[in-house]
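[1] Sequence plus the predicted model coming up.
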Amino acid sequence: MGMACIRFLEPQSSRSIRPHRPTFSLGASAAYLLGHVMLHIVRHGRTEHNASGLLLGRIDPPLDDLGRDQAVALAAAIGPVDRVITSPLLRTRQTAEAFGVEPTVDDRWIELDYGDFDGVPLASVEPEIWQQWRSDAEFAPPGGESLRQLGQRVSEALSDLDRADESDLTTVVVTHVSPIKAAVCWALGVDDLVSWRLWVATASITSIAVGGGVRAMHGFNDIAHLRTAGLADR
């Protein structure tokens, strides 16, 4: 369903948000050449929970000051887009606003449900549980969601975009780390557990061309725009 653009919250510091010149082009030209829909699947900007190293699932903090600047740099790097899809959580909706296109909220792009582990340091997860989590795609944290369940809903969302009208050539999906990993597994046709071998930075760009059953990776975890602007989180 459609919704009005979400306004940024007032910054907690006096630092302003400054657009910068795009460092590379990820526009529609490549999609025209391929005749497919180009999906730019991006992670939201940083939050204080991210900066503190906490597992961040369904809890809903806003972007921090760096995250707001990252969102502007992200939108400038990608350039004009035809459609923006976002997770329902605040941090993704705030990031989506930077693109200047009324976003569509799709719940299937929400972050993995970490259950009892949501908002806690990763180091506090017991080693035995951590090992099971990394080796069994059916394992779900207490009260949470498994990688298999995540992969199923993300695959459904991607399949819908794969069948979409090709007039929407450039689409941005603003989502979270785990759905981005699931999208890469879908594109490559590999098991959901491969996601544990992937690193996805805040405000990074992962690009996949889809259409007619074709899935082609064009880029993964690109943060050149953040490095150029001095906004890379790590």
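    That came in fine, so what should we check first?

[2] How about residues contacting the biggest strand by length in the chain?
    For the chain, the strand with the greatest residue count under DSSP state E is strand 214-222. Residues from elsewhere that reach strand 214-222, judged by Cβ atoms under 8 Å, 6 or more residues apart in numbering: 26, 30, 34, 36, 38, 162, 184, 186-189, 198-201, 204-210. C-beta coordinates here come from the backbone N, C-alpha and C atoms, glycine included.

[3] let's see it at 7 Å
    Applying Cβ atoms under 7 Å, 6 or more residues apart in numbering, the contact partners of strand 214-222 are 30, 36, 184, 187-188, 199-201, 204-209.

[4] which among these end up buried?
    Among those, those classed as buried by 16 or more other Cβ atoms under 10 Å are A30, H36, V184, A187, V200, A201, S204, I205, T206, S207, I208, A209.

[5] returning to what we had before: sitting in strands, which of the contacts of strand 214-222 do you find?
    In strands, defined here by DSSP E, the members of these are I205, T206, S207, I208, A209.

[6] List just the nearest of these to I129.
    The shortest approach to I129 among those belongs to T206, at 28.2 Å (Cβ to Cβ).

[7] And the pLDDT for the closest residue to H36 other than its chain neighbours?
    Spatial nearest neighbour of H36, chain neighbours left out: G211 (3.4 Å); criterion: Cβ to Cβ, 6 or more residues apart in numbering. Looking at G211, its pLDDT stands at 83.

[8] low-confidence ranges in the chain?
    1-35, 164-168, 234 (pLDDT under 70).

[9] Can you show me the strands along it?
    37-43, 83-86, 104-105, 170-175, 205-211, 214-222.

[10] In CSV: those, plus distance to G143.
    Listed next are those as CSV, based on distance: least, Cβ to Cβ, whole Å:
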stretch, distance to G143
strand 37-43, 24
strand 83-86, 25
strand 104-105, 24
strand 170-175, 22
strand 205-211, 29
strand 214-222, 29
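
[11] Next, count neighbours for E156.
    By the criterion of other Cβ atoms under 10 Å, E156 has 12 neighbours.

[12] ditto for Q94
    Q94 sits with 24 neighbouring residues when counted by other Cβ under 10 Å.

[13] Could you find the closest non-adjacent residue to it?
    The shortest distance from Q94 to any non-neighbouring residue, by Cβ to Cβ, 6+ apart, is to L63 (5.0 Å).

[14] bridging residues for that neighbour?
    T47 (DSSP bridges).

[15] Could you check how many residues crowd around it?
    L63: 27 neighbours (other Cβ under 10 Å).

[16] All good on my end, thank you.
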